[in-house]
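> sharing a model prediction with you, sequence too.
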Amino acid sequence: MRLVLVRLSALGDIIHAWPLAEALRQARPDIHLSWVVEEPFQSMVAGHPAVDSVVTVATKRWRRRPLTAGTRAEVARLRTLFHELQPDVALDPQGVLKSALITRWTGAPRRVGLARPWRRERIAGLGYTEALSGSTSYRHVVANNVELVRAVGGTPPSQLPHPDGRWLLRRSHDVPPGASADGNPIVLLPGAGQAKKMLPVATLAEVGRRLVALPSAVEVAWGPGERERAVAVAAAAGPGVRVAPPTSLDELVRLLAGARLVIGGDTGPVHLAASLGVATLGVYTATDWRRNGPLGPRVEIASGIPADSAGSVSSPHATPFCEVTADEIVELALKLLD
């Protein structure tokens, strides 16, 4: 069986789709699994033990220049590649228009996504021949993703699976997390894909100021467009808190793998750190951690939403709003460091 998995972006969402790839491989060891992903995230898929090949796309560039000869040529090459692959099944856990369109382009006779309300965009259903229900046991997006294993006759795991990113370490020279805690930095993450997910500069600076007094090295890591915010956090925190150098995704893996503790909001690097087995504190102020919080063996969540608070699985996109103080963050950080 030839299968195409369409999960284009972003970093955290790709990490949350790893358990689906693993479930597919376990259910059908004979499959050839191709993963379609945006170019910047290729390294988060290439080399995964459940993935046989990677197909890269550039939907942002295509949308900016839809009528150029270059875009038309790239799309034509993609469709030719799909024709050569001849997939039997295409799965779309992303559930938005662009992923559904690419799912349709695969030409697979069976094109499967999630049903509403588990699917992000209703219109995405136009790209599918089948739509499966998400999880009725867990709110988390990982549980919804692995439900798609039913498309190949598999059974979703009874327990919520945690993304395992340790495979990323095997292609580098990293020291495994926790091997040398003394001197390893606490990493603060000031950025996120949306402003509402970012921790206030003053709050994160206060956290850094208090943690550097443990004593501990504290670094503020940043991605594209986040350097100014990182500099502001380090400056407000004072001596001992420094801005990390720029990193590629592979370099970010190395930085996080060697961290003593990682603290951040709802952002991809938090999920990456958790998947590496690093002590991780996710601070959720504007999104529901029960749906998309980090999963891993050493994870704590700072949020105003308790684990047993009301919330229907049938309305998975409800968005909470709550404040989390520096005191609360530091208390949980010390718990993880203990």
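Arrived safely, thanks for sending.

> leaving out sequence neighbours, find the closest residue to residue 286.
Leaving aside its chain neighbours, residue 286 sits nearest to residue 196 (4.1 Å; criterion: Cβ to Cβ, 6 or more residues apart in numbering). To be clear about C-beta, it is placed using only N, CA and C from the backbone, and glycine gets the same treatment.

> so the one you found: helix, strand or coil?
Secondary structure, DSSP: H, G, I helix; E, B strand; the rest coil: residue 196 is helix.

> show me what contacts it?
Shown in contact with residue 196 (Cβ atoms under 8 Å, 6 or more residues apart in numbering): 285, 286, 287.

> what of residue 211?
With Cβ under 8 Å, 6+ apart, residue 211 has these contacts: 186, 218, 330, 333.

> now, the most widely separated pair of these?
Across those, no pair lies farther apart than 218 and 330, at 12.1 Å, counting by Cβ to Cβ.

> who's more crowded, those two?
residue 218 (26 against 19; other Cβ atoms under 10 Å).

> what residues are up against the more buried one?
Counting by Cβ under 8 Å, 6+ apart, residue 218 touches 185, 186, 187, 188, 208, 211, 212, 237, 240, 241, 242.

> that one pairs with what?
Counting by DSSP bridges, residue 218 forms beta bridges with residue 186, residue 241.

> against residue 69, how distant is it?
Taking Cβ to Cβ, to the nearest Å as the measure, residue 218 falls 49 Å from residue 69.

> over to residue 338?
On the measure of Cβ to Cβ, residue 338 and residue 69 end up 60 Å apart.

> confirm residue 35 sits in a helix?
No - remark: residue 35 does not belong to a helix; assigned using three-state DSSP, it is strand.

> residues near it, how many?
With other Cβ under 10 Å as criterion, residue 35 counts 27.

> hmm, back to that, distance of the residue nearest to residue 286 from residue 135?
26 Å.

> gap between the residue of the chain most remote from its centre and residue 273?
Centroid-distance maximum for the chain: residue 69 at 32.8 Å, with Cα atoms, centre = their mean. Separation of residue 69 from residue 273 (Cβ to Cβ): 42 Å.

> residue 114 now?
Counting by Cβ to Cβ, the gap from residue 114 to residue 273 is 27 Å.

> likewise for residue 202?
23 Å.

> more neighbours: which of these two?
Counted by other Cβ under 10 Å, residue 202 and residue 273 do not tie: residue 273 has more neighbours, with 33 against 13.

> pLDDT score assigned to that one?
Residue 273 carries a pLDDT score of 98 in this model.

> how close does it sit to residue 25?
24 Å.

> cool, residue 50 as well?
4 Å.

> now do the shared contacts for those two.
What both residue 50 and residue 25 touch, as defined by Cβ under 8 Å, 6+ apart, is the set residue 33.

> quick one, strands of the protein?
Secondary structure of the chain (DSSP state E): strands at 2-6, 32-38, 53-57, 89-92, 110-114, 130-132, 186-189, 218-220, 241-243, 261-264, 280-284, 299-303.

> for those, which one sits closest to residue 165?
Judging the strands of the chain by Cβ to Cβ, what sits closest to residue 165 is strand 280-284, at 11.4 Å.

> so who does residue 323 touch?
Residue 323 neighbours (Cβ under 8 Å, 6+ apart): 285, 304.

> report pLDDT for it.
Taking residue 323 on its own, its pLDDT is 87.

> low-confidence ranges, the stretch 101-250 of the chain, go.
For the stretch 101-250 of the chain, applying pLDDT under 70 flags the ranges 172-183.

> switch the cut-off to 50
Low-confidence segments of the stretch 101-250 of the chain (pLDDT under 50): 174-182.

> my guess is residue 55 contacts residue 36. True?
Yes - between residue 55 and residue 36 there is a contact at 4.6 Å, judged by Cβ atoms under 8 Å.

> more neighbours: these two, which one.
Between residue 55 and residue 36, residue 36 has the larger neighbour count (other Cβ under 10 Å), namely 25 against 19.

> report the contact partners of that one.
4, 5, 6, 7, 8, 55, 56, 57, 102 are the contacts of residue 36 under Cβ under 8 Å, 6+ apart.

> how about residue 284?
265, 266, 293, 301, 302, 303, 305, 322, 324.

> can you name the residues bridging to it?
residue 303.

> any idea how far it is from residue 295?
Taking Cβ to Cβ, one finds residue 284 at 13 Å from residue 295.

> pull the contacting residues for the closest residue in space to residue 192 that isn't next to it in sequence.
Excluding its sequence neighbours, the residue lying closest to residue 192 (Cβ to Cβ, 6+ apart) is residue 267, at 4.1 Å. By Cβ under 8 Å, 6+ apart, the contact list for residue 267 reads 12, 189, 191, 192, 193, 197.
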